[in-house]
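have a look at this prediction, sequence included:
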Amino acid sequence: MAAVNHWDTTQHLLLVILGFFVAFAPRYLPIKIFTQRKIPEWFNEWMKFIPVSLFTALVVKDVLVSPTYQFDVVHHIPELIASVIVGLIAYFTRSMALSVVVGLASVFILAVVL
């Protein structure tokens, strides 16, 4: 049976070069564009919500969705309690490091206890 995906050295090199440009362009172009002009105020305001929204999307998926992609609260009680604790710690202290440490410790302790 003949190999279906038999690549030669040139094709591998082309793949690496194209991969470089795909990874490099989204990082370089904004720097190149925004160093030559002033960033609009509305853009700066909008960018303030990106970390919160990404973090929320990751946490909500891990806390409320089972590995089979079903909405599941019953099997995630330790994570739910820990997320409330971390939310309170983050709100009152505004410390990312303290929030992460308290979150990890509370998930560990609650998983052992519950």
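Happy to help now that I have it.

list the buried residues of the helix or strand hosting residue 52.
Under the criterion of DSSP states H and E, residue 52 resides in helix 50-64. In terms of neighbour count (16 or more other Cβ atoms under 10 Å), helix 50-64 has its buried residues at residue 63. All C-beta atoms are positioned from the backbone trio N, CA, C, and that covers glycine.

quick one: mean pLDDT over that helix.
Helix 50-64 shows a mean pLDDT of 84.

extract the C-alpha trace of it and format it as CSV.
Extracted in CSV, the C-alpha atoms of helix 50-64 (Å, rounded to 0.1, in the frame of the first residue of the first chain):
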residue,chain,number,x,y,z
ILE,A,50,-11.0,40.6,27.1
PRO,A,51,-9.2,39.0,30.1
VAL,A,52,-12.4,38.9,32.2
SER,A,53,-14.4,37.3,29.3
LEU,A,54,-11.8,34.7,28.5
PHE,A,55,-11.3,33.8,32.1
THR,A,56,-15.1,33.5,32.6
ALA,A,57,-15.5,31.3,29.6
LEU,A,58,-12.8,28.9,30.8
VAL,A,59,-14.1,28.8,34.4
VAL,A,60,-17.7,28.3,33.5
LYS,A,61,-16.9,25.5,31.1
ASP,A,62,-14.8,23.7,33.7
VAL,A,63,-17.3,24.3,36.5
LEU,A,64,-20.6,23.7,34.8
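
can you list the domain ranges for the chain.
9-37, 43-113 (automatic domain parsing).

any idea which of those domains is most buried?
Among the domains of the chain, domain 43-113 has the highest mean neighbour count (mean count of other Cβ atoms under 10 Å), at a mean of 12.

first-to-last residue distance for it?
One end of domain 43-113 to the other measures 45 Å (Cα to Cα, to the nearest Å).

run the chain-centre distance for that domain.
12 Å (Cα atoms, centre = their mean, to the nearest Å).

do stretch 42-50 as well
17 Å.

thinking again about what came up before, which residues sit against the helix holding residue 52?
Helix 50-64 is contacted from outside by 71, 72, 73, 76, 79, 80, 83, using Cβ atoms under 8 Å, 6 or more residues apart in numbering.
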